[in-house]
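A.B. asks: Have a look; sequence and predicted model below, questions after that.
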Amino acid sequence: MKNKFDVIVIGSGITGGWAAKEFTEAGKSTLVLERGKDTVHGQDYPTAMMHPWDFKNRNLRMDRDVLKDIPVQKSHCDESNRHFFVNDTHNPYIQEDPFKWIRGYQVGGRSLTWGRQCYRMSDLDFEANKKDGHGIDWPIRYKDIEPWYEYVENYIGIAGTKESLSQLPDSKYINGIPLNSIENYLKNKIENNFEHRKLISSRMANKTGDKNGKGSCMFRNRCSRGCPFGGYFSSVSSTLIDAKNTGNLTLRPNSVVTKIIYDEETKKAIGVHVIDRISKESFDFYAKIIFLNASTIGSAAILLNSKSKSFPTGLGNSSGQLGKNLMDHAMNGGTKGEYKGFKDKYYKGRTPGSIYIPRFQNINNETKSENFIRGYGLQGKGERQNWINKDIQAIGKELKNELRKPGTWQVALIGRGETLPQEKNRIELAEDEHDQWGMPLIKIHFKYGPNELAMIDSMKEEAENMLLSAGFDNVYSYNSTPDPGSAVHEMGTARMGKDPQTSVLNKHNQLHNVTNIYITDGSCMTSSGCQNPSLTYMALTVRACKHALKNL
């Protein structure tokens, strides 16, 4: 049967690409279904080599007719990469509370536009729910995932430095991305003035040396346009290419999965129902194993729409937790400060790197906060202002001379904090509103609780304290808090757990009730930690693939 495979993978992003690689290299015929358009590495990056003057608006703004179709996406894209973000008008959803759902519907998904920050979680994260009573206990600990972190890191190549921090375990690195003058200065001041705090170079999936014969980062700072050199990790430039080279991959773009087909007799999933995005034709595909990697909100929606006699509220939803416990990292508006020194210092070229101040609260008794539980990290960058930032009152020759002079040094810091799992933060399907493919529209309910709001206040206060203590001037914070979803780290709608009555997945990422379905995207997360989560998603995916190959 031409529509029958060993494995079906739904989604071609960061985790879907890994699943495709692992199964095809194990000799399994694998179908990858992607709802968006096809994207070929090096071929479908139309703006990758363009300069600012090549864009109609110099990449400084987008036309009004473009902006009207991307009211949600516009905060995360620009003229150079908007083709990798969805048209909100054509892909509607319902915000019961303000929530930015940032999406990229193409082969490779958001792996083409992600921030590439890679951090391991620790047992401080895996044990948090059990210790403070929020959410349920993770069914795994750091030792269960540690070898899979290393497996992924050895393949993708991570720039970073060893720091020996208990709350942020070290990864396997190629090289670190150097800090510049102001970043090194701030690092020394923070570590001398504050106990339990460190400033480190961010850990990035930008290859700073040869890795598995793939290209190195050229430090062009055009990552979100797609990199023709393969200098950063994406499924398009790496895992999907390896999967294709096995001869065992069938990749089908423009395939909107509406539901998973469940067999009442065998108690197994037997396939998926697909609608062609363009022709609107319907197809069924069949497989022994199904990996659901359609992103946190998308995966939960597919399961909620997959109703049957045994699962009237959604496939695998015997616990009633499917779609619930949605999380995204809490963010503040950011803090900036200027430094008058180092006027004789500059930096050479560009850098994809940034600075990171790892979590420094609620790590132990000495760092306990009285205002909130869990914690946050601060990410940022130091650079000299350019002509866009300077207030120049001149014309002619004097103006040209001023444009050649760099401005003062500036550092910006933005916090990203842990969000507690709560049932009220959830998605559900609309009963009477559908998209153009007949799928019920997704409703999103999400509000920060008092713990997140207290953490957001602390981000501002501590960022200002650190800059002021280091001698920065004109220190100020943005008072606005970005809407939830702005971190683009949504997770948690099909959480892992030990008890089928309180969780959707077991410790191997299998549905408790339908064990040939695995979910390894962000929806599997039981708590959020404060670290960028993509590395954990990838490690869990490889771990689940090995389990499926061994047991199914």
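C.D. replies: Noted; the coordinates are in hand.

A.B. asks: which secondary structure elements does the longest strand seen in the chain contact?
C.D. replies: The residue-count maximum for a strand in the chain (DSSP state E) belongs to strand 282-292. If contacts are counted by 3 or more CB pairs under 8 Å, 6 or more residues apart in numbering; DSSP states H and E, strand 282-292 sits against strand 4-10, helix 14-25, strand 30-33, strand 255-263, strand 268-276, helix 296-305, strand 517-519, helix 534-551. The way it works is simple: take the backbone N, C-alpha and C, and place the C-beta from them, glycine included.

A.B. asks: Direction included, what does that strand pair up with?
C.D. replies: Strand 282-292 sits in its sheet next to strand 4-10 (parallel), strand 268-276 (antiparallel), strand 517-519 (parallel), going by DSSP bridges.

A.B. asks: what bits of the stretch 151-300 of the chain have low per-residue confidence?
C.D. replies: 210-213 (pLDDT under 70).

A.B. asks: quick one, which of the strands paired with strand 282-292 is packed in tightest?
C.D. replies: When you average the neighbours per residue for each of those (mean count of other CB atoms under 10 Å), strand 517-519 leads with a mean of 28.

A.B. asks: Run through who's touching it.
C.D. replies: With contact meaning CB atoms under 8 Å, 6 or more residues apart in numbering, strand 517-519 is reached by 260, 269, 289-293, 299, 315-316, 494, 504-505, 508-511, 544, 548.

A.B. asks: 7 Å - rerun?
C.D. replies: 260, 269, 290-292, 299, 316, 494, 505, 509-511, 544, 548 (CB atoms under 7 Å, 6 or more residues apart in numbering).

A.B. asks: With distance to residue 433 added, can I get the strands paired with strand 282-292 in a markdown table?
C.D. replies: Shown next, in a markdown table, are these (distance: least, CB to CB, whole Å):
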| stretch | distance to residue 433 |
| --- | --- |
| strand 4-10 | 23 |
| strand 268-276 | 17 |
| strand 517-519 | 25 |
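
A.B. asks: So what's the residue count around the nearest residue to residue 359 once chain neighbours are set aside?
C.D. replies: The spatially closest residue to residue 359, leaving aside those adjacent along the chain, is residue 375, at 3.9 Å (CB to CB, 6 or more residues apart in numbering). Burial of residue 375 is recorded as 23 neighbouring residues (other CB atoms under 10 Å).

A.B. asks: From residue 448, how far out is residue 375?
C.D. replies: According to CB to CB, to the nearest Å, residue 375 stands 15 Å off from residue 448.

A.B. asks: for residue 152, same thing?
C.D. replies: Computed as CB to CB, the residue 152 to residue 448 distance reads 31 Å.

A.B. asks: ok now do the residue nearest to residue 359, which residues does it touch?
C.D. replies: Counting by CB under 7 Å, 6+ apart, residue 375 has contacts 359, 361, 362, 417, 418, 530.

A.B. asks: All the helices of this protein, in order from the start?
C.D. replies: Per DSSP state H, the chain carries helices over the ranges 14-25, 64-67, 123-126, 128-132, 142-156, 181-193, 239-245, 296-305, 396-403, 450-469, 534-551.

A.B. asks: Give me the contact list for the longest strand of the chain.
C.D. replies: 3-10, 19, 31, 260-261, 269-275, 299, 302, 516-520, 548, 552.

A.B. asks: Stretch 4-18 now?
C.D. replies: The contact list for stretch 4-18, computed with CB under 7 Å, 6+ apart, reads 19-20, 23, 28-34, 107-111, 235, 239-240, 250, 257, 272, 285-295, 520-521, 534, 537-538, 541-542.

A.B. asks: just to revisit the earlier point, in terms of neighbours, single out the busier of residue 152 and residue 448.
C.D. replies: residue 152 (27 against 21).

A.B. asks: Report the helix or strand with the lowest average pLDDT across the protein.
C.D. replies: Counting by mean pLDDT, DSSP states H and E, the chain has its least confident helix or strand at helix 396-403, which shows a mean of 87.

A.B. asks: Against residue 180, how distant is the residue nearest to residue 191 when sequence neighbours are not counted?
C.D. replies: Leaving aside its sequence neighbours, residue 191 sits nearest to residue 198 (CB to CB, 6+ apart; 5.9 Å). To residue 180, residue 198 is 17 Å away according to CB to CB.

A.B. asks: Comparing these two, which shows the higher neighbour count?
C.D. replies: Legend: neighbour count by other CB under 10 Å for residue 198 and residue 180, higher for residue 180 (20 against 16).

A.B. asks: Check the gap between that one and residue 235 for me.
C.D. replies: Here residue 180 is placed at a distance of 31 Å from residue 235 (CB to CB).

A.B. asks: Which residue ranges make up the domains of the chain?
C.D. replies: Per automatic domain parsing, the structural domains of the chain span 1-159+213-326+491-552, 168-202+330-417+448-483.

A.B. asks: out of those, nearest to residue 426?
C.D. replies: Smallest distance to residue 426 across these (CB to CB): 4.4 Å, for domain 1-159+213-326+491-552.

A.B. asks: which other residues reach stretch 345-355?
C.D. replies: By CB under 7 Å, 6+ apart, stretch 345-355 touches 159, 177, 179-181, 183, 199, 201-202, 204, 206, 217, 219-221, 223, 379-382, 384, 406.

A.B. asks: now do 8 Å
C.D. replies: Identification of contacts with stretch 345-355 by CB under 8 Å, 6+ apart yields 116-117, 159, 177-183, 186-187, 199-202, 204, 206, 217, 219-221, 223, 232, 379-384, 406, 409.

A.B. asks: returning to that earlier point: and of the contacts of strand 517-519, the nearest to residue 324?
C.D. replies: Using CB to CB, those come closest to residue 324 at residue 494, 9.2 Å.

A.B. asks: thought residue 383 was touching residue 409?
C.D. replies: Yes. Using CB atoms under 8 Å, residue 383 is in contact with residue 409, at 7.4 Å.

A.B. asks: between the two, which one's more packed in?
C.D. replies: With neighbours defined as other CB under 10 Å, residue 383 and residue 409 compare such that residue 409 has more, 25 against 19.

A.B. asks: Can I get the helices and strands packed on strand 282-292 in a markdown table including distance to residue 525?
C.D. replies: Output for the helices and strands packed on strand 282-292, formatted as a markdown table (distance: least, CB to CB, whole Å):
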| stretch | distance to residue 525 |
| --- | --- |
| strand 4-10 | 18 |
| helix 14-25 | 12 |
| strand 30-33 | 23 |
| strand 255-263 | 21 |
| strand 268-276 | 22 |
| helix 296-305 | 8 |
| strand 517-519 | 10 |
| helix 534-551 | 8 |
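
A.B. asks: Whichever of the contacts of residue 375 end up buried, select them in ChimeraX.
C.D. replies: To isolate the buried members of the contacts of residue 375 in ChimeraX, using 16 or more other CB atoms under 10 Å:
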select :359,361,362,417,418,530
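
A.B. asks: which one of the contacts of residue 375 is nearest residue 460?
C.D. replies: residue 417 (11.5 Å).

A.B. asks: what's the distance between that closest one and residue 311?
C.D. replies: To residue 311, residue 417 is 35 Å away according to CB to CB.

A.B. asks: For the nearest residue to residue 540 once chain neighbours are set aside, list the residues it contacts.
C.D. replies: What sits nearest to residue 540 in space, not counting adjacent residues and going by CB to CB, 6+ apart, is residue 520, at 5.0 Å. Contact partners of residue 520, counting by CB under 8 Å, 6+ apart, are 15, 19, 291, 293, 509, 537, 540, 541, 544.

A.B. asks: Need the max-distance pair from those residues.
C.D. replies: 291 and 537 (12.2 Å).

A.B. asks: so where's the protein uncertain?
C.D. replies: 1, 210-213, 388-389.

A.B. asks: winner for burial among the helices of the chain?
C.D. replies: Compared across the helices of the chain, helix 14-25 shows the largest average neighbour count, a mean of 29 (mean count of other CB under 10 Å).
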